[in-house]
Structures are given as structure tokens and as C-alpha cells.
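Visitor: I'd like to go over a predicted model; first the sequence, then the structure.
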Amino acid sequence: MTEKPESTNPDKKNGKVISFINMKGGVGKTTLCVGIGEYLANYEDKKILFIDVDPQFNTTQTLMDHFNLEEEYMTDFRHNITIRKLFESISSISEIPKIPSPKEVILSFNDSPNIDLICGNIDLIFDDNQGDSARSRRIKKFIAEHKLREVYDFIFIDCPPTISFYTDAALNASDYYLVPNRIDRYSILGIRLLKQVIDRLKYDEDLNIQPLGIVYTMVGSPSLKSQRLKDTFESSSIVQQIALFNSSTTYVNDLMVGLQGNISSKYKKSREDIHDVSLELLERIERG
Ligand SMILES: Nc1ncnc2c1ncn2[C@@H]1O[C@H](COP(=O)(O)OP(=O)(O)O)[C@@H](O)[C@H]1O
Ligand SMILES: [Mg+2]
């Protein structure tokens, strides 16, 4: 279950690291992150590593549910093999922090060789530590040290909607950020806060991240009111700097309640959406 990826892969990739982020909860970050990743893995033969840095660990729950590993997560993985290992602090001044090996943190799935996961962990909340800039570089170091860009086509980081060192760690490690966004009265707030976080990091760190775009999620039937909110949102200069995806995801009730779990490609209507968004993502990255 926990075989490690080989860092000396003869067929070297030029992987991209993408943070799925918005400083607002419930906008579809996790659903889109898992949805696009699973689509690219299973329909486009891309090798994907998910990194779940959200203490709510919904990406992890979705995949545990999908692979029938909920029991193993509770009794084993959450204690032994989660993102928390990357953020562990040292307890003595003479200790040199050590980057864990891939097999210490990356979970693989027997029947799905294109999908790997660094599990999230609710106990991350105990590690929160403002101003710890060394820790906010751990994901970046882990990816670089083990040359994971040569192993994976994409590393998708599902971020929490909060300002914390996990968010900093995700952005520090990323080549791109993608912003899932649900149109409502407060949409712009999440994007404004995100810009502040990125601007601050750019000032403090050697940040090398580009916006990939905003993806509208859970789009409902059009109404005058929602069109007005959308127009206001799109007239904001912050939004214009990030640019919008042409494709979006519509509201699909089954994703919340369906027996196939929360994986977009499992339901016909959301499969069409996730196909379009995934291909647009590939195109945007190819264009650079
Ligand atoms: N396209 C969609 N149609 C219907 N429900 C959706 C869709 N996308 C996400 N959801 C639901 O909306 C809720 C919030 O989505 P989630 O991806 O968890 O957001 P976030 O990660 O931003 O908090 C979840 O219950 C999820 O199942
Ligand atoms: Mg989430």
C-alpha cells in the first residue's frame, strides 16, 4: 500500500505543482482538485500526487472513501503517514531537520498506479505556528530534494481557506495557483485576501508562482441576481489579473449525495464539466 515512487525514473517528467486555493470555504476547492486530478490520472494517463494540507482533510476523506480505506486511515495512516511528518519540528538545537523520504509520507494505491497521496491530518491544527518561515518551505524542499517533478505530471495541493503556514507552504512550493470560485455576495473577499497572502509571500520569499485562472464552480440556472453578482465580480481589477477559465462546473446534486462518492467523473453531468475544465487546464499549462 505504501510503495514509494522511484526518484530515478527513466522516463523523466516535467511536472507542475498547482495549489487549489481561495481564502473562502465551500467554494469547491477540494471537489475540483480531486475531480481534475482523478480525471487526468484515469482518462489522460497523467501521474498525479495529491497533497492535502487542509486540516479538514476532505481530499484525503474523498480518496479513502473511493479506495475503501477509511478504516486503515483511522487505525494506521493518520498516525504514521501524513503531511504532518513534513512539518515536524525538531526538539533539540543540535538536531538537524531531516526531510522525510517519499515512502515515509506518500501513500500509493494498489489498483490505481497514477494516483498517489500525501494524506491530510486534523492534528495539523496543533502545529500551526505563525512566522515559522522554515516550515513554510518544507513542501518545496521535499519536492525538490526527491525530484518529484520528474516522477509526477502534476502535484495538486488542496489548501485550507485560512492564512496559515500550510497555505504559505503550498504557495511556496507551487508553480501555479488555481482559484475555484462560487459566485455569491462574498466571492470577491476570498480573492482579495488571497492576493494579500501572495503579495506578502512575494515580499518575504523567493516565490515563483503564476495564476492559472479562476474556475466558476457549482454554477446554477442563470438569474438576474446571479448575473449582477458575476458582473460585479468580473469588474474587479484583482479578478482581471487572474483571468477566468472558459469552462466551469455546474451544480450537480449527486456529487453531494450520490452513492459513487464525491468524484466528479463518476456522474455523467459532472463528467462533462470535469472533462472540459481538465483539458482547459492542460492547454493553459502548455501555453505557459
Ligand atoms: N459541482 C458541484 N455540484 C454540487 N455540489 C458541489 C459541486 N462542487 C462541490 N460541491 C459540494 O459543495 C460542498 C463544498 O465543496 P468543497 O469542494 O468541499 O469546497 P471547499 O474545498 O472549497 O471547501 C461539498 O459538499 C461538495 O460536495
Ligand atoms: Mg476543501
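Guide: Yep, that arrived. Numbers count the residues shown, from 1 in each chain. Ligands and ions are numbered 1, 2, ... in the order given.

Visitor: rest of the way, CA atoms for contacts and neighbours
Guide: Fine.

Visitor: contact residues of the chain facing ligand 1?
Guide: Counting by Cα under 6 Å from any ligand atom, the positions of the chain adjacent to ligand 1 are 25-31, 217-218, 249-253, 255-256.

Visitor: quick one: which of those residues sit in helices?
Guide: The helices, defined by DSSP state H, take in 29-31, 255-256 from those.

Visitor: of these, buried ones?
Guide: Neighbour counting by 16 or more other Cα atoms under 10 Å classes 29-31, 255 among these as buried.

Visitor: out of the residues of the chain next to ligand 1, who's nearest Gln210?
Guide: The closest of the residues of the chain next to ligand 1 to Gln210 turns out to be Lys29 (Cα to Cα; 17.5 Å).

Visitor: surely the closest one and Phe156 touch.
Guide: No. Using Cα atoms under 8 Å, Lys29 makes no contact with Phe156, being 10.9 Å away.

Visitor: shared neighbours of the two, anything?
Guide: Listed as contacting both Lys29 and Phe156 by Cα atoms under 8 Å, 6 or more residues apart in numbering are Phe20.

Visitor: look at the residue nearest to Phe67 when sequence neighbours are not counted and report its pLDDT.
Guide: Spatially, and ignoring its direct neighbours in sequence, Phe67 is nearest to Phe109 (7.8 Å; Cα to Cα, 6 or more residues apart in numbering). Phe109 carries a pLDDT value of 96.

Visitor: find the residue ranges of this protein scoring beneath the pLDDT cut-off.
Guide: Low-confidence segments of the chain, defined by pLDDT under 70: 1-10, 90-95, 128-132.

Visitor: what's the longest helix in it?
Guide: The single longest helix within the chain, with elements called by DSSP H, is helix 268-287.

Visitor: now that helix: buried residues?
Guide: Residues 269-271, 273-279, 281 are the ones in helix 268-287 that count as buried (16+ other Cα under 10 Å).

Visitor: same check, this time on stretch 173-186
Guide: Buried positions in stretch 173-186, judged by neighbour count with 16+ other Cα under 10 Å: 173-183.

Visitor: how far does the longest helix of the chain sit from the chain's center?
Guide: Helix 268-287 has its C-alpha centroid displaced from the chain centroid by 16 Å (Cα atoms, centre = their mean, to the nearest Å).

Visitor: now do that helix: everything it contacts.
Guide: Outside helix 268-287, the residues that touch it by Cα under 8 Å, 6+ apart are 32, 35-36, 39-40, 212, 245-250, 252, 264-265.

Visitor: using PDB, write out every CA atom in that helix.
Guide: What follows is helix 268-287, C-alpha atoms only, in PDB (Å, rounded to 0.1, in the frame of the first residue of the first chain):
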ATOM      1  CA  LYS A 268     -22.500  11.800 -16.200                       C
ATOM      2  CA  LYS A 269     -23.300  15.500 -15.900                       C
ATOM      3  CA  SER A 270     -20.200  16.400 -13.800                       C
ATOM      4  CA  ARG A 271     -18.000  14.200 -16.000                       C
ATOM      5  CA  GLU A 272     -18.600  16.500 -19.000                       C
ATOM      6  CA  ASP A 273     -17.700  19.500 -16.800                       C
ATOM      7  CA  ILE A 274     -14.600  18.000 -15.400                       C
ATOM      8  CA  HIS A 275     -13.500  16.900 -18.900                       C
ATOM      9  CA  ASP A 276     -13.700  20.400 -20.200                       C
ATOM     10  CA  VAL A 277     -12.000  22.000 -17.200                       C
ATOM     11  CA  SER A 278      -9.200  19.400 -17.200                       C
ATOM     12  CA  LEU A 279      -8.500  19.900 -20.900                       C
ATOM     13  CA  GLU A 280      -8.500  23.700 -20.500                       C
ATOM     14  CA  LEU A 281      -6.000  23.300 -17.600                       C
ATOM     15  CA  LEU A 282      -3.700  21.200 -19.800                       C
ATOM     16  CA  GLU A 283      -4.000  23.800 -22.600                       C
ATOM     17  CA  ARG A 284      -3.200  26.700 -20.300                       C
ATOM     18  CA  ILE A 285      -0.100  25.000 -18.900                       C
ATOM     19  CA  GLU A 286       1.100  24.100 -22.400                       C
ATOM     20  CA  ARG A 287       0.700  27.700 -23.400                       C
END
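
Visitor: of all the buried ones among the ones in helices among the residues of the chain next to ligand 1, which comes closest to Ser236?
Guide: Nearest to Ser236, judged by Cα to Cα, of these is Lys29 at 21.2 Å.

Visitor: got a list of what that closest one touches?
Guide: Counting by Cα under 8 Å, 6+ apart, Lys29 touches 20-22, 158-159, 179-180.
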